[in-house]
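Chemist: have a look; sequence and predicted model below, questions after that.
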Amino acid sequence: MLPHPAPAVSQAFTRFLRAGISRAVGGGASGSGAACWGISFTGPRDAANKPEELAAAVPSTRDGTLLPPPIDKYTDLVPASQRFHRHLKQYRRRRRLARHHLSTRSLERSAGVCARCASELYLDAAEATMRCSHCETAGALRGDEGTTALDADGSIVDFLPHEFADGEWLALLQHEVQWEQHDDRLRDGRLLSQARLISYQAHEEGHVYSYPGISRALRASRFTPSVDALRHRVEERTGLKFNAAHINLYRDGGDHVSWHTDEDVQLYGHDPTIASLSFGATRRFVLRRMSGMPYTQEWQPSPSNEMVEFSLGNGSLLVMRGMTQRHWEHCVGKESVNSAGPRINITFRQVVDMGTE
Ligand SMILES: O=C(O)CCC(=O)C(=O)O
Ligand SMILES: [Fe+2]
């Protein structure tokens with residue numbers, strides 16, 4: 001018996017060592033199950049000495065952020081004590097970080113459905129509010145094939161629905177591109193996993209690019225063969241040059257991109273032209289008229305509530321040009337998870353000063 005009550009970690013460590021000894025000599029030892037790995041669990045009282053039961057008893061989250069240390073690795077005594085402290089430290093750090101990191105999917109699941117139309121809500125990262133993309137975009141006018149003048153200010157969209165519907169581009173791109181999971185930073189500092197995977201490719205690798213809200217900059221990798229082939233075709237079709245591509249993978253109907261504009265004068269110069277290619281599932285791409293300057297408090301949906309939507313199917317090419325990024329925002333709204341399969345979208349852009357050409 002110990003003369004004084006030992007702190008939780010020491011008790012856990014003692015049990016851990018006993019478990020190590022018992023495993024090393026092939027025997028079983030009994031002990032009291034209480035706090036272990038620095039958190040409480042309500043497993044069987046002798047679970048602390050049985051690694052499998054302990055692993056089953058420790059709470060974890062589905063995305064793995066709170067998984068306990070891999071205890072079945074511990075087979076001998078001395079390395080075990082060192083590993084115990086290292087893993088305990090790492091585990092506590094991850095748990096601390098997890099409190100500041102939100103999973104978009106789990107937040108949206110817990111938020112439920114729209115009271116008006118019953119479709120799933122989505123989290124608008126810029127506003128940090130739950131929204132219904134269906135109700136929000138219900139009044140959008142349908143954009144047609146060909147050229148559409150969105151307004152009298154010179155915001156123009158060209159839409160060619162079947163221009164690139166000739167190859168297995170979705171499968172090629174899915175395998176070829178190195179997909180990355182990025183986070184957006186909310187105004188209160190918490191991180192939110194983006195509801196899509198992305199990649200940034202450019203003429204030369206190394207160009208660093210970021211946009212408002214993203215938590216760490218994107219670093220360009222070189223154009224992969226399919227992206228480069230598509231870029232040449234888009235250049236021929238439009239008569240324009242593009243040296244960078246922002247690529248999105250929407251894994252299912254639940255992946256989306258919230259309202260934003262791709263206005264960035266330093267990066268793309270004034271009134272950039274952006275060519276957007278889509279492959280795979282058809283999704284609704286909606287533009288809405290804004291008033292005020294982008295990235296200021298005054299940047300708000302215009303009172304006239306003008307919206308135009310394009311149905312972006314496999315092989316479609318949509319070009320946004322003129323003042324579109326200055327006067328309009330766009331989004332690909334969330335749908336129910338099973339309503340759409342994978343979709344890849346490539347937006348080709350011309351970075352004015354990449355320093356690589
Ligand atoms: O997926 C889309 O069609 C739009 C993507 C987009 O807006 C972007 O990458 O900036
Ligand atoms: Fe965009």
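Modeler: Arrived safely, thanks for sending. As the structure is a prediction and not an experimental result, all values here were calculated from the model. Ligands and ions are numbered 1, 2, ... in the order given.
Chemist: and the stretch 101-250 of the chain, which of its residues are near ligand 1?
Modeler: Contact residues, the stretch 101-250 of the chain versus ligand 1 (CB under 6 Å from any ligand atom): 246, 248. Just so you know, the C-beta spots here come from the backbone N, C-alpha and C atoms, and that holds for glycine as well.
Chemist: tell me the SS of residue 275?
Modeler: Secondary structure assignment for residue 275 (DSSP: H, G, I helix; E, B strand; the rest coil): strand.
Chemist: oh, I was asking about residue 174
Modeler: Here residue 174 is helix, with the state taken from three-state DSSP.
Chemist: what's the distance between the residue nearest to the spatial centre of the chain and residue 335?
Modeler: For the chain, the residue nearest the mean C-alpha position is residue 194 (2.1 Å; CA atoms, centre = their mean). As judged by CB to CB, to the nearest Å, residue 194 and residue 335 stand 17 Å apart.
Chemist: and residue 328, how many residues sit next to it?
Modeler: Other residues near residue 328 come to 24 when the count uses other CB atoms under 10 Å.
Chemist: and the closest residue to it other than its chain neighbours, its phi and psi?
Modeler: Distances taken as CB to CB, 6 or more residues apart in numbering put residue 287 closest to residue 328, at 4.7 Å, once the chain neighbours are dropped. Taking degrees, to the nearest 10, you get phi -110, psi 140 for the backbone angles of residue 287.
Chemist: quick check: residue 287 touching residue 156?
Modeler: No: contact criterion CB atoms under 8 Å: residue 287 and residue 156 do not qualify, at 11.2 Å.
Chemist: settle it for me: which of the two has more neighbours?
Modeler: More crowded of residue 287 and residue 156, by other CB under 10 Å: residue 287, with 28 against 17.
Chemist: dump the residue contacts of the more buried one.
Modeler: By CB atoms under 8 Å, 6 or more residues apart in numbering, the contact list for residue 287 reads 143, 150, 157, 307, 308, 309, 310, 324, 328, 329, 330.
Chemist: how about the secondary structure of the third one?
Modeler: Taken by three-state DSSP, the conformation at residue 157 corresponds to strand.
Chemist: quick check: residue 338 is in a strand.
Modeler: No: counting by three-state DSSP, residue 338 is not part of a strand but helix.
Chemist: so what's the residue nearest to it when sequence neighbours are not counted up against?
Modeler: Nearest residue to residue 338, sequence neighbours excluded (CB to CB, 6+ apart): residue 253, at 6.5 Å. Residue 253 sits next to 281, 334, 335, 336, 337, 338, 339, 340 when contact means CB under 8 Å, 6+ apart.
Chemist: surely residue 253 forms part of a helix?
Modeler: No: using three-state DSSP, the assignment for residue 253 is coil, not a helix.
Chemist: in the stretch 1-150 of the chain, which ranges drop under the pLDDT threshold?
Modeler: Along the stretch 1-150 of the chain, segments meeting pLDDT under 70 span 1-81, 83, 94-100.
Chemist: nearest to ligand 1: which residue in the chain?
Modeler: Nearest residue of the chain to ligand 1: residue 345, at 3.3 Å (CB to the nearest ligand atom).
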